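Participant: whatever this is, show me its structure:
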Amino acid sequence: MKSGFVSLVGRTNSGKSSLLNYLLNEKIAMVSHKINATRRKISGIVMHENNQIIFTDTPGLHESNKTLNSFMIDEAKKMIGDCDLILFLACIHDSLQNYEKFLSLERKNPHILVLTKIDEANDKKILQKITEYQKYQNEFLSLIPINTKKQIFKKLILDEICKFLPTHEYYYDPQIISTNNQKDIIRDLILEAVYENVSDEVPYGSDVKIDKIIEKNDIIEIYATIYTDTKSHKSILIGKNGETSKRIGITSRKTISNFLQKKVFINLNIHIIKNWTKNINLIKNLI
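Facilitator: Modelled structure (predicted):
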């Protein structure tokens, strides 16, 4: 029996959240093509044969002087040290620059290099990229190309991870899939719907707070507030005749209903908290 903690690390949009959902066979982490989508750590628990792997999805590593982004980067770096093993995700389209920056970080934990989104490249490009990373073969334990659209890769990566986990009894009940509470997951699934339904600049000044959840026999009622930083962003989130907020509600309701396996009602309010992304105390309270 082995059991251990594995941090998913990489630049924004490297595929960390997609990999977590893929390995869990369950959508609990928000996924977006927009950068800096992941705000909070999300943990997922995978049982593989007789072993328990506790994955943590971290905010993307990037350089930024913005207060909110700097806060998320600091949180990601903390998680790098708080695990037994790191999976560093490198997109097939990236240069080695992001990986080299990761190697320059102060860290003690070993890592596996995971080459993501290989379905977007031909065999020649994949082989070329693997060859490029070979000059750092003394740094990583192994290098694994992965395509999250094919199930065959799942056993490959889980087998490899388990080789390097410590022998330990289970940390959590094998029946649960996440250490995050239900409210945290629902919050991020609503935020994902915000990212999906509004223009590029708006989501970075917005986040979600769950006000209350009422569970009934035939339906779960969710009351939430989307907070944003300016009046113009609030107007965009509402949309003409409330159409945008309706789309956010419809999108999130479908995703959350699928996750909870139950009919869902969602009530969304939109509230302005001026310049919250620039105030570290507000960020700590809201995130």
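Participant: now do the helices in the stretch 1-150 of the chain.
Facilitator: Shown for the stretch 1-150 of the chain, the helices assigned by DSSP state H, counting those that start in this stretch span residues 16-24, 67-81, 97-104, 123-133.
Participant: how about the ones you listed, which one is nearest residue 177?
Facilitator: Of all the helices of the stretch 1-150 of the chain, helix 16-24 sits nearest to residue 177, with 5.8 Å by Cβ to Cβ. (C-beta placed from N, C-alpha, C; glycine too.)
Participant: please name every helix or strand in contact with the closest one.
Facilitator: On a contact count with 3 or more Cβ pairs under 8 Å, 6 or more residues apart in numbering; DSSP states H and E, helix 16-24 meets strand 3-10, strand 42-48, strand 51-57, strand 85-91, strand 111-116, helix 152-163.
Participant: what is the mean pLDDT for the very next helix or strand once past the longest one?
Facilitator: Taking DSSP states H and E as the definition, the helix or strand that follows helix 152-163 towards the C-terminus is helix 182-197. The average pLDDT within helix 182-197 is 91.
Participant: render the CA-only coordinates of stretch 170-182 in PDB, please.
Facilitator: Only the C-alpha atoms of stretch 170-182 are listed here, as PDB (Å, rounded to 0.1, in the frame of the first residue of the first chain):
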ATOM      1  CA  TYR A 170      -4.500   5.800   3.300                       C
ATOM      2  CA  TYR A 171      -4.900   9.400   4.300                       C
ATOM      3  CA  TYR A 172      -8.500   9.500   3.400                       C
ATOM      4  CA  ASP A 173     -11.600   7.300   3.000                       C
ATOM      5  CA  PRO A 174     -11.100   5.600  -0.400                       C
ATOM      6  CA  GLN A 175     -14.700   6.400  -1.300                       C
ATOM      7  CA  ILE A 176     -14.300  10.100  -1.500                       C
ATOM      8  CA  ILE A 177     -12.900  11.900  -4.500                       C
ATOM      9  CA  SER A 178     -11.900  15.300  -3.100                       C
ATOM     10  CA  THR A 179     -10.800  16.900   0.100                       C
ATOM     11  CA  ASN A 180     -12.600  20.100  -1.000                       C
ATOM     12  CA  ASN A 181     -16.100  20.600   0.300                       C
ATOM     13  CA  GLN A 182     -19.000  20.600  -2.100                       C
END
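Participant: now do the buried residues in that stretch.
Facilitator: For stretch 170-182, burial by neighbour count (16 or more other Cβ atoms under 10 Å) applies to 177-178, 180, 182.
Participant: what would the helices and strands packed on helix 16-24 look like in JSON lines with mean pLDDT?
Facilitator: Listed next are the helices and strands packed on helix 16-24 as JSON lines, based on pLDDT from 0 to 100:
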{"stretch": "strand 3-10", "mean pLDDT": "94"}
{"stretch": "strand 42-48", "mean pLDDT": "92"}
{"stretch": "strand 51-57", "mean pLDDT": "94"}
{"stretch": "strand 85-91", "mean pLDDT": "95"}
{"stretch": "strand 111-116", "mean pLDDT": "97"}
{"stretch": "helix 152-163", "mean pLDDT": "96"}
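Participant: quick one: closest of those to residue 229.
Facilitator: Closest of these to residue 229 is strand 42-48, at 23.6 Å (criterion: Cβ to Cβ).
Participant: tell me what the closest one is packed against?
Facilitator: helix 16-24, strand 51-57, helix 152-163, helix 182-197.
Participant: out of those, the one nearest residue 131 is which?
Facilitator: Counting by Cβ to Cβ, residue 131 lies closest to helix 152-163 out of those; the figure is 19.8 Å.
Participant: so which elements touch that closest one?
Facilitator: helix 16-24, strand 42-48, strand 51-57, strand 111-116, strand 143-145.
Participant: which of the ones you listed sits closest to residue 196?
Facilitator: That would be helix 16-24 among the helices and strands packed on helix 152-163, by Cβ to Cβ, at 13.5 Å.
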